[in-house]
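Colleague: What follows is a protein structure lacking sequence information:
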């Protein structure tokens, strides 16, 4: 795999940029053909991952740290232990995961009580738009609507950090969640021009054929989920999570990301060794 030209920075930052905290949610559903994941194709020209097919997600907002948010499920301390991060950050990450999923796909992992989930999100369409425009916080939205964040509908999956070569970096916690009964995922976000449900194997085949663009965290996650027979199997998986930080290796005039475990990982270039004028072969 080589880096798409749009992903090769004009120059590499020195020192590397400090990653911003972010959360991504892989929405899953069962079909007669097997498990499917929801993917959004980011608008070409976006500053980060333009043209790539990704899962819903985004950066943590400072207001995601609101400790008064209505919450059901594993407490922030449990999430902190899973992601090896401070408790306040864990709370913010879970809130950001649910908020971003709602903003980008219309799927709302919340309900009127600790053991229920909304089945129709249309009544909240206006609030969804207001959340995107940052007119109020997610905690305020939940309080105004009498809804409870359902942290128990999420499961921790992975932690990926953008390579040091990138001018925009994210320390992203990956979650998985089953599509709630009655709800529908859509692509009604200005950040995407296409939305689809795909079996993991099919999405990877389309990537290999050059029909979709996938970054390492996406194709790796799809590969892992493709080994699960059902959504319940995926949700029941108890994973040990550690940070995965891809490196970049230069092969002639080609920049190629490599992952831990790749024989080339230990000899991958440092962020100052790659040249800004490297192009793709």
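Modeller: Received, thanks. No experiment lies behind these values; they were computed from the predicted model shown. Residues are numbered from 1 along each chain as shown.
Colleague: which one's the longest helix in the chain?
Modeller: In the chain, taking DSSP state H as the definition, the longest helix is helix 87-105.
Colleague: for the following helix or strand past that one, packing partners?
Modeller: Sequence order places strand 110-111 as the next helix or strand after helix 87-105, per DSSP states H and E. Here strand 110-111 touches strand 148-150, going by 3 or more Cβ pairs under 8 Å, 6 or more residues apart in numbering; DSSP states H and E. From N, CA and C alone the C-beta is placed, and that goes for glycine too.
Colleague: Which parts of the protein are helices?
Modeller: 76-83, 87-105, 125-132, 138-145, 200-208, 216-225, 231-235.
Colleague: Where does pLDDT dip in the stretch 1-150 of the chain?
Modeller: 1-14, 43-50 (pLDDT under 70).
Colleague: Whichever strand in the chain runs longest to helix 76-83, inter-axis angle?
Modeller: Looking across the chain with DSSP state E, the single longest strand is strand 20-31. Put simply, strand 20-31 runs at 90 degrees to helix 76-83, going by axes from the mean of the first three to the mean of the last three Cα atoms, to 10 degrees.
Colleague: so how far is strand 20-31 off the chain centroid?
Modeller: Relative to its parent chain, strand 20-31 has a centroid offset of 5 Å by Cα atoms, centre = their mean, to the nearest Å.
Colleague: cool, stretch 239-249 as well?
Modeller: Its chain's average C-alpha position is 14 Å from that of stretch 239-249, according to Cα atoms, centre = their mean.
Colleague: Go through that stretch and flag the buried ones.
Modeller: By 16 or more other Cβ atoms under 10 Å, the buried positions in stretch 239-249 come out as 244, 245, 246, 247, 248, 249.
Colleague: Stretch 16-33 now?
Modeller: Those would be 16, 17, 19, 21, 22, 23, 24, 25, 26, 27, 28, 30, for stretch 16-33 by 16+ other Cβ under 10 Å.
Colleague: Same list as before, those residues that is, but in CSV and with distance to residue 69 included.
Modeller: Below are these laid out as CSV (distance: Cβ to Cβ, whole Å):
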residue, distance to residue 69
16, 33
17, 29
19, 24
21, 17
22, 19
23, 15
24, 20
25, 17
26, 22
27, 21
28, 24
30, 30
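Colleague: I'd like the distance from stretch 91-106 to the chain centre, please.
Modeller: 10 Å.
Colleague: Ok, stretch 232-243 next?
Modeller: Using Cα atoms, centre = their mean, the offset of stretch 232-243 from its chain centre is 15 Å.
Colleague: swap in stretch 199-209?
Modeller: Centroid displacement of stretch 199-209 relative to its chain, using Cα atoms, centre = their mean, is 18 Å.
Colleague: average model confidence for it?
Modeller: The average of the pLDDT scores along stretch 199-209 is 95.
Colleague: Would you mind confirming that residue 241 makes contact with residue 84?
Modeller: Yes: assessed by Cβ atoms under 8 Å, residue 241 is found in contact with residue 84 at 7.4 Å.
Colleague: Nearest to residue 215 among the buried residues of stretch 16-33?
Modeller: Checking these against residue 215 with Cβ to Cβ, the nearest one is residue 24 at 11.0 Å.
Colleague: I am finished for the moment; much appreciated.
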